[in-house]
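S.K.: The following block contains a protein sequence and its predicted model.
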Amino acid sequence: MRATKLQRVAILGSGGIGSVLASTLASSASAAEVVLIDLIPGLAEAVAVDIEQAASMTATGTLVSGTADIGELAAADVVVLAPEAGGLPGRTAALVGEVQMAAEAIATHAPDAVVIFSGWPSEVFTGELLRSGNLAPERVLGTGATLASSRLIEALAAHSSAPREEIEALALGADGAYVPILSASRVRGRLVRDALRPAEVGAAVAAAAAAPSYVQSLRPSRPPSFAPAYAALEVINAVRGARPGPIPVSVMSEGSYGIEGAVVGVTAHLTVQGLRNIVELPLEKGELGALRDAANGVLRQSQELAELST
């Protein structure tokens, strides 16, 4: 499939994730126009001008602008919600409000856009975004499994002699309960369990699980920005056909793996219309059980959010 250059990508939020994503989109020529939107006066404009001043060096021709006008969501092919402080302690109630406001704005101004939640807890708030805006399930995607899989690859590279590009690994499920799918993970073409010693596999899995809290411990006042932004870029590239094949992504499951009505990290094919289909892997019994447990956890957390917002 030939890659499509998106006409307009709108990013809601001009903090760490939003600004990094806007910069990478501009330098990769993935879209003709990138619009940063932030309700803090001057913030989106400042980030946009900063990126534009590098245009002669990136030479991609991408137009980057910033505004506080939520109406600029109109005509966007893709809308990315990039909350600055998602996942920080004490931010849950505020994040619920932000997601609900964003969902209403998207439903009003860009109802046909593919919507990507680039924050965490990814699966819970991807579901909240979907429900609050009454959006089409196939058009709402989360980056949780995308980032979790990348972190697993990085951990396996650190605990083996293999470079990242020779490692295939998946982590599916939900924030706080991502399941390393070792039955489908390989190092230099060999199953992880055959390529590495059990202690190395265990250490890599533990390191991947601890990666988010480790980054947060180094800078408690600010959540990670670069890895979440690149996870959003990976999903955007899959949507526009620049990243072929199924990718790990968080989507609403309506029966896949026996999971009903929960957003969960799975492998899926994406198109410019969003989710095309979920690819069910032949998981081992323990992996399937853990994936279903993660989905049940999402449903419980979603119920808690519903009670919090009433």
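M.R.: Nice, thanks for sending it over. Bear in mind that the values here come from a model prediction, so they are computed numbers and not experimental data. Numbers count the residues shown, from 1 in each chain.
S.K.: For the chain, which segments are assigned as strands?
M.R.: Applying DSSP state E to the chain gives strands spanning 6-12, 31-37, 63-67, 78-81, 114-117, 140-142, 167-168, 171-172, 179-180, 186-187, 190-191, 247-254, 260-271, 274-279.
S.K.: Need the winner for burial among those strands.
M.R.: Highest mean neighbour count of the strands of the chain: strand 140-142, a mean of 32 (counted as mean count of other Cβ atoms under 10 Å). (Each C-beta comes from the backbone N, C-alpha and C, glycine too.)
S.K.: Touching, residue 6 and residue 35? I think so.
M.R.: No: using Cβ atoms under 8 Å, residue 6 makes no contact with residue 35, being 11.6 Å away.
S.K.: ok now the lowest-mean-pLDDT helix or strand in the chain, how far from the chain's centre?
M.R.: Lowest by mean pLDDT, DSSP states H and E among the helices and strands of the chain is helix 55-58, with a mean of 84. Centre-to-centre, helix 55-58 and its host chain are 27 Å apart (Cα atoms, centre = their mean, to the nearest Å).
S.K.: Show the low-confidence segments of the stretch 201-310 of the chain, by residue range.
M.R.: Low-confidence segments of the stretch 201-310 of the chain (pLDDT under 70): 309-310.
S.K.: Looking at the strands of the chain, spot the one closest to residue 203.
M.R.: strand 179-180 (12.1 Å; Cβ to Cβ).
S.K.: Just give me the residue closest to the centre of the protein.
M.R.: Taking Cα atoms, centre = their mean, the centroid of the chain lies closest to residue 143, which sits 1.5 Å from it.
S.K.: gap between the closest residue to that residue other than its chain neighbours and residue 6?
M.R.: Among residues not flanking residue 143 along the chain, residue 231 sits closest, at 4.0 Å (Cβ to Cβ, 6 or more residues apart in numbering). Distance, residue 231 to residue 6, by Cβ to Cβ, to the nearest Å: 17 Å.
S.K.: Residue 279 too?
M.R.: Remark: distance between residue 279 and residue 6 (Cβ to Cβ) = 24 Å.
S.K.: Might you report the residue contacts of the residue nearest to residue 177 when sequence neighbours are not counted?
M.R.: Spatial nearest neighbour of residue 177, chain neighbours left out: residue 294 (4.1 Å); criterion: Cβ to Cβ, 6+ apart. Under the criterion of Cβ atoms under 8 Å, 6 or more residues apart in numbering, the neighbours of residue 294 are 172, 173, 174, 177, 178, 179, 264, 265.
S.K.: Quick check: the second one touching residue 145?
M.R.: The one in question is residue 173. Yes: contact criterion Cβ under 8 Å: residue 173 and residue 145 qualify, at 7.3 Å.
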